[in-house]
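[1] Any chance you can model this:
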Amino acid sequence: MRLNFKQSFVRNGMPIVMEVILPRMLLVVNLNFLVFSVYLDDMTNQLFVLFVLTVAATESAIGLALLVIIF
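    Next up, the predicted model:
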């Protein structure tokens, strides 16, 4: 039986890997924003970091809920 891309993607555990990788990438970007905002003494980047952290937390919660429903 030959699997299509969607079936092989789900069977090989790729959603779990993506659920781990995406929030880490967002955290690295946030760290970069924070370092440069402290270096440049700019408050707008820190507010942007707060917004991105909120989006990352929401993405993680929704992704985890989908994984629980699927598996």
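[2] gap between Phe51 and Ile21?
    21 Å (C-beta to C-beta, to the nearest Å). The way it works is simple: take the backbone N, C-alpha and C, and place the C-beta from them, glycine included.
[3] Same question for Ala56.
    12 Å.
[4] contact partners of stretch 55-71?
    Stretch 55-71 is contacted by residues Val10, Pro15, Ile16, Met18, Glu19, Leu22, Pro23, Leu26, Leu27, Asn30 when judged by C-beta atoms under 8 Å, 6 or more residues apart in numbering.
[5] 7 Å instead?
    Pro15, Ile16, Glu19, Leu22, Pro23, Leu26 (C-beta atoms under 7 Å, 6 or more residues apart in numbering).
[6] gap between it and the chain center?
    Taking the mean of its C-alpha atoms, stretch 55-71 sits 10 Å from the chain's own mean (C-alpha atoms, centre = their mean, to the nearest Å).
[7] What residues sit buried inside that stretch?
    Buried residues in stretch 55-71, counted by 16 or more other C-beta atoms under 10 Å: Ala56, Gly63.
[8] is it true that Leu26 touches Phe51?
    No: if you go by C-beta atoms under 7 Å, Leu26 and Phe51 don't touch, sitting 11.1 Å apart.
[9] and these two? which has more neighbours close in?
    Using other C-beta atoms under 10 Å as the criterion, Leu26 and Phe51 rank with Leu26 on top: 18 against 10.
[10] so how far is Glu19 from the more buried one?
    Taking C-beta to C-beta, one finds Leu26 at 12 Å from Glu19.
[11] now Phe48
    To Glu19, Phe48 is 24 Å away according to C-beta to C-beta.
[12] repeat for Val35
    According to C-beta to C-beta, Val35 and Glu19 sit 26 Å apart.
[13] Cheers, nothing more for now.
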